[in-house]
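>>> Turn this into a model:
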Amino acid sequence: MKTAHIALCTLVVLLVAEVQVSMAVTCSPVQLSSCVSAITSSTPPSNLCCSKIKEQKPCLCQYLKNPNLKRFVDSPNARKVASTCGTPFPRC
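Below you'll find the predicted structure:
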């Protein structure tokens, strides 16, 4: 009985760890390429753009630390696109 309890606990821990790993985001600014036209012009963001912004939200502070990306990510239009997509811009 004790062995079955230990095995069950181990299985639960492994399943929880698997869920956390699968929910991790790979930070890649290329993922935001679908937002370029919305950020650089007055074009409304596409559904794909909005889903990518939501997906990459945990990475935005990291992008803001990169001088090459900051001017793109921190522009007024980028903030407007994020707001339009319902993704509040993070405070870093």
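
>>> neighbours of the residue nearest to Val25 when sequence neighbours are not counted, just the number please.
The shortest distance from Val25 to any residue that is not its chain neighbour, by Cβ to Cβ, 6 or more residues apart in numbering, is 5.2 Å, and that residue is Pro58. Just so you know, the C-beta spots here come from the backbone N, C-alpha and C atoms, and that holds for glycine as well. Burial of Pro58 is recorded as 12 neighbouring residues (other Cβ atoms under 10 Å).

>>> Likewise for Ile53?
Using other Cβ under 10 Å, Ile53 has 24 neighbouring residues.

>>> who's in contact with it?
Listed by Cβ atoms under 8 Å, 6 or more residues apart in numbering, the contact partners of Ile53 are Leu32, Cys35, Pro45, Val81, Ala82, Cys85, Thr87.

>>> how close does the second one sit to Lys54?
Cys35 sits at a distance of 11 Å from Lys54 (criterion: Cβ to Cβ, to the nearest Å).

>>> Chain neighbours aside, what residue packs nearest to the residue minimising distance to the centre of the chain?
Averaging the C-alpha coordinates of the chain gives a centre point, and the residue nearest to it by Cα atoms, centre = their mean is Gln56 (2.0 Å). By the measure of Cβ to Cβ, 6+ apart, the closest residue to Gln56 outside its immediate chain neighbours is Gln31, 5.4 Å from it.
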